[in-house]
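J.: what follows is a predicted structure for the sequence shown.
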Amino acid sequence: MRIILSLGLLFSVFLAQSQSLDCVEFMKEPAFIYKDELRNNPEELYKTYTFFLGCLDIDSDDSLVLAQPTNIGSLMVELASQNEVKTNEDFKKILELATKDEAYLASKTKIVGYLKVIQLEVTPQLFEEENEMFEEALIFQKIDKERLADFVEKENLWNENLQDVFFAYAEKAERTSYFIDSFAISTDSSFSFTEIKKKGKQEKTYSLLYFTGYGAVNGRKMEEVLLEMPEVAKLYSSLHCYALFVDDRTPFDESTGDVKGEFKTKGQYWIAIEKQNFDSDRQPFFVLLNPKGKVVAAQEYTLEKAVFMEFLNQATPK
């Protein structure tokens, strides 16, 4: 709520006076954090919260910390069971007091430094120059510097801000592993079920289809516990492997004629393929196709190595 004087001193004073009057009236109102119309509308809630922060007697660094979207959520949960907060003025006093807490002050500098560094533009120089806060941000995110640089180059994310790059990297890491890295991933490719079968036939190779999803917890568990074992990986390394994400929201704007229905996303297309061709809607779900595109075997979730190896061994030509 600090008005920049570039609009002229007189106009700035007028705006500041208007703002202060608005704040006075706003503080008398019932606490906004309990209003259902705001709680069910995150965008309006955050706008109100941002206005509220501008009415507090705190410095810009405190505003930066408290303006993080996650903070309002945790504050609402924490205060929901307390009867002390009746008006916005009550909430104001709590936050102003919190910014003077010793534990908060001890960590404030580091938090502010992190919040500022993640807004930096990602350039080659950022990786080359010494930047203590950048290094600490990498440690906090548990990200290797060289791997992140490779990721930015591969995904063409130069000149994006660091926070967005971290989000993109986390999303990628969440759905990838040694196992997934050896697969063609549907979210990154334009291949169809028809093309999968066509490639298997042309190259006379078995295909392994892995129906999964971003939120498929059991899929991640299989990848981490079972599928990264060298003896298991050895069996599928010679196959054409495809990870097909049924919750992928990438727009699907092409018709291949290999499945019935109209689809808005790639995920809808792949779940239809799974249902119509293999009578399943589960994830994880694995299907082995022979070079002619015929089903050899199917396998649902399991952590038993012997069971999954027996399934994969059916791709061995007899």
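T.: Thanks, I have it. Numbering: from 1, shown residues only.

J.: going forward, measure contacts and count neighbours with C-alpha atoms only.
T.: Will do.

J.: Tyr214 versus the spatially most central residue of the chain, what's the distance?
T.: Computing the C-alpha centroid of the chain and ranking residues by CA atoms, centre = their mean puts Glu171 first, at 4.5 Å. Look at Glu171 and Tyr214: by CA to CA, to the nearest Å, they are 9 Å apart.

J.: distance of Phe32 from Val77?
T.: In terms of CA to CA, Phe32 sits 13 Å off from Val77.

J.: again with Asp144
T.: 34 Å.

J.: next: Ala272.
T.: Ala272 is 40 Å from Val77, where distance means CA to CA.

J.: between those two, which has more neighbouring residues?
T.: Ala272 (21 against 11; other CA atoms under 10 Å).

J.: excluding its backbone neighbours, what's nearest that one?
T.: Closest residue to Ala272 apart from its sequence neighbours, by CA to CA, 6 or more residues apart in numbering: Val259 at 7.0 Å.

J.: what distance do you get for the one you found to Val65?
T.: For Val259, the distance to Val65 - CA to CA - is 50 Å.

J.: got it, and Thr50?
T.: Thr50 is 12 Å from Val65, by CA to CA.

J.: what do the two both touch?
T.: Common contact partners of Thr50 and Val65 (CA atoms under 8 Å, 6 or more residues apart in numbering): none.

J.: show me where pLDDT drops low in the chain?
T.: By pLDDT under 70, the low-scoring segments of the chain are 1-21, 81, 172-181, 254-256, 317-318.

J.: which residues of the stretch 201-318 of the chain fall in strands?
T.: With DSSP state E, counting those that start in this stretch as the criterion, the stretch 201-318 of the chain has strands at 207-212, 240-245, 285-289, 295-299.

J.: tilt between the first one and strand 240-245?
T.: Following axes from the mean of the first three to the mean of the last three CA atoms, to 10 degrees, one obtains 20 degrees for the angle between strand 207-212 and strand 240-245.

J.: got it, and the last one?
T.: With the same axes, to 10 degrees as the basis, strand 295-299 and strand 240-245 are set at 50 degrees to each other.

J.: per the record, what domains does this protein have?
T.: As assigned by automatic domain parsing, the chain contains the domains 6-113, 119-174, 178-313.

J.: tell me which of those domains sits most buried.
T.: Mean neighbours per residue, mean count of other CA atoms under 10 Å, is largest over the domains of the chain for domain 178-313, with a mean of 17.

J.: tell me how far it is from the chain's mean position?
T.: Its chain's C-alpha centre lies 22 Å from the corresponding centre of domain 178-313 when counted by CA atoms, centre = their mean, to the nearest Å.

J.: Asp57 touches Leu95, doesn't it?
T.: No. Using CA atoms under 8 Å, Asp57 is not in contact with Leu95, being 9.6 Å away.

J.: hey, C-alpha coordinates of stretch 229-239 in CSV?
T.: This file holds the C-alpha atoms of stretch 229-239, laid out as CSV (Å, rounded to 0.1, in the frame of the first residue of the first chain):
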residue,chain,number,x,y,z
MET,A,229,16.3,-53.2,-9.6
PRO,A,230,19.0,-54.0,-12.2
GLU,A,231,17.8,-57.5,-12.8
VAL,A,232,14.2,-56.2,-13.5
ALA,A,233,15.4,-53.3,-15.6
LYS,A,234,17.5,-55.7,-17.7
LEU,A,235,14.3,-57.5,-18.8
TYR,A,236,12.5,-54.4,-20.1
SER,A,237,15.6,-52.5,-21.5
SER,A,238,15.3,-54.4,-24.8
LEU,A,239,11.6,-53.6,-25.2
